[in-house]
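K.L.:
build the 3D model from these lines:
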Amino acid sequence: MDAQTKFCRLRDAIEQSGAEFFRMALWQDGAYFAHEFLPMSACSNLYSISKVLTSTGVGLAYDEGLLKLEDPIVKYLGNHVPEEADPKIREVTVRHLLTQTSGIGQGSLFEADRYLGTGEDWIARVRGRAMPHQPGTVFTYDNGNYYMLSCIVEKVTELPLDRFLKTTLFRRMGIREFAWERCPLEHTMGATGCYMGLEDLNKIGRLYALGGSYEGRQLLSREWVEMAAAPYPNTSGTPYGFGFSSRPSGDFFCGGAHNQFLYISPAQKIAVAIQGYDDTQQMDQLIEQAIGD
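P.N.:
Residues are numbered from 1 along each chain as shown. Reported below is the predicted structural model:
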């Protein structure tokens, strides 16, 4: 089945689902197709797909030897750890933040609570939380983890995450129009709040579909792509890697609030990007069925 046929099948499946979407795009091995269901602005909030961009920034820093996955986060953020913080905070590593296994019992820095807390130091705020679990064991979805990853990238590269990605990756991929929410201290939010257009979002999917290569240039190591897509073991059984969730087929994806979706099939060299304003569940299954041969 060719790329256009898969695109049409997916477009029809989305329309028949009754879910509300703005637009979608499918790329397969050089062929690109897009469809607009409803008109909207050129760039929209990716919500939690922003986490994949942050983990990509961590990967670029990793590839340059600027950090290691087993580095304790206090190596970079120690000045922000409150005195009353749980001692287990010193066991939390970069890998634990990426895999959402930092030991906390409840996530934070979501839209409902992000600007309700006191103080401008969000790092101290999220690291002062209770840690009922041993780091590396229990999956707890958290915006705070990916915010801290953004701050770590800024620490090791001496550039805010958004500028680091712009200079080291986005320009090379022709991604020129994007914006990202910042915290009160001007650190890139990391976990959410990145605004980007459909085709540029699809380009991120292409990068991962081709093992870190884009238009013949290896921009991100294959090692990082494989680690990012692989599910990290935890007691909850959640198939979560570095911002991605995985399918049994070997495909992987990332979803954001209100039907933002990025789906990647390395075996088929397919990247699907969707932007919407609904909260339909199980989009990964719908996409996998539509693009399957």
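
K.L.:
ok so residue 262 is a strand residue?
P.N.:
Yes: the assignment for residue 262, made by DSSP: H, G, I helix; E, B strand; the rest coil, places it in a strand.

K.L.:
hang on, it packs against residue 273?
P.N.:
Yes: with contact defined as Cβ atoms under 8 Å, residue 262 reaches residue 273; the gap is 5.6 Å. In short, each C-beta sits where N, CA and C put it, glycine included.

K.L.:
how many residues are close by the nearest residue to residue 36 once chain neighbours are set aside?
P.N.:
In this structure, residue 36 finds its nearest non-sequential neighbour in residue 23, 4.5 Å apart by Cβ to Cβ, 6 or more residues apart in numbering. For residue 23, the count of nearby residues is 19 (other Cβ atoms under 10 Å).

K.L.:
shared neighbours, residue 262 and residue 273?
P.N.:
Common neighbours of residue 262 and residue 273, counting by Cβ atoms under 8 Å, 6 or more residues apart in numbering, are 201, 205.

K.L.:
ok, these two, which is more surrounded?
P.N.:
It is residue 273, of residue 262 and residue 273, that has more neighbours when counted by other Cβ under 10 Å, with 28 against 24.

K.L.:
list the contacts for that one?
P.N.:
Residue 273 neighbours (Cβ under 8 Å, 6+ apart): 24, 25, 198, 199, 201, 202, 205, 261, 262, 263.

K.L.:
would you map the helices across this structure?
P.N.:
For the chain, the helices defined by DSSP state H occupy 3-17, 50-63, 74-77, 94-98, 122-127, 143-157, 161-165, 171-173, 198-209, 222-229, 283-291.

K.L.:
between these, which gets the lowest average pLDDT?
P.N.:
Of all the helices of the chain, the minimum mean pLDDT falls on helix 122-127 (a mean of 88).

K.L.:
how about residues contacting it?
P.N.:
Residues contacting helix 122-127 (Cβ under 8 Å, 6+ apart): 77, 80-82, 85, 89, 108-109, 117, 119, 142, 144-145, 147-148, 151, 183-185, 187.

K.L.:
next one: that helix to chain centre, how far?
P.N.:
How far helix 122-127 lies from its chain's middle: 20 Å, per Cα atoms, centre = their mean, to the nearest Å.

K.L.:
list the buried residues of it.
P.N.:
Neighbour-count burial for helix 122-127, counted by 16 or more other Cβ atoms under 10 Å, picks out 122, 123, 125, 126, 127.

K.L.:
what is the burial count for residue 59?
P.N.:
Neighbourhood size, residue 59 [other Cβ under 10 Å]: 22.
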